[in-house]
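Peer 1: What would the 3D arrangement of this be:
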Amino acid sequence: MKKMNVIPEHGALVVNGHKMTSTMLRSKTESAFGVRGSRIFELEIKKDGVLTGRYSRGWTKQIESEDEESTLFLSYLIDKFGKNKPKKKKEMGCLE
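Peer 2: Model (predicted):
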């Protein structure tokens, strides 16, 4: 069996005045093991340095439903990095 070398990816974004950070591992294709069937199979989300969600082929710490910033950040990550073909900046609503 071939060993898979995966390097964690780190990112940060400010959402509604809160610093959101993420650490994730992605596969080459979408999978049933990924977050909502995406390419992201391990994910850790922090809001202002406090862990708000952790996914490792299943939620080990579920994001609270009233945590709007973490939910928006998760949606952004799935749209940007979780699909086989990432969206362009204009499709994400970003201005160039």
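Peer 1: what residue is smack in the middle of the chain?
Peer 2: L77 (3.9 Å; CA atoms, centre = their mean).
Peer 1: And for E42, the neighbour number?
Peer 2: Look at E42: counted by other CB atoms under 10 Å, it has 19 neighbours. (Glycine included, C-beta is placed from N, CA and C.)
Peer 1: and if you look at the one 4 residues further on?
Peer 2: Residues contacting K46 under the criterion other CB under 10 Å number 19.
Peer 1: Over to the one 3 residues further on?
Peer 2: Using other CB under 10 Å, the number of residues around G49 comes to 7.
Peer 1: If I follow the layout properly, E44 ends up in contact with L25?
Peer 2: No - if you go by CB atoms under 8 Å, E44 and L25 don't touch, sitting 9.8 Å apart.
Peer 1: on that earlier part again, if I pick the residue nearest to the centre of the chain, what's in contact with it?
Peer 2: 11, 22, 24, 35, 40, 43 (CB atoms under 8 Å, 6 or more residues apart in numbering).
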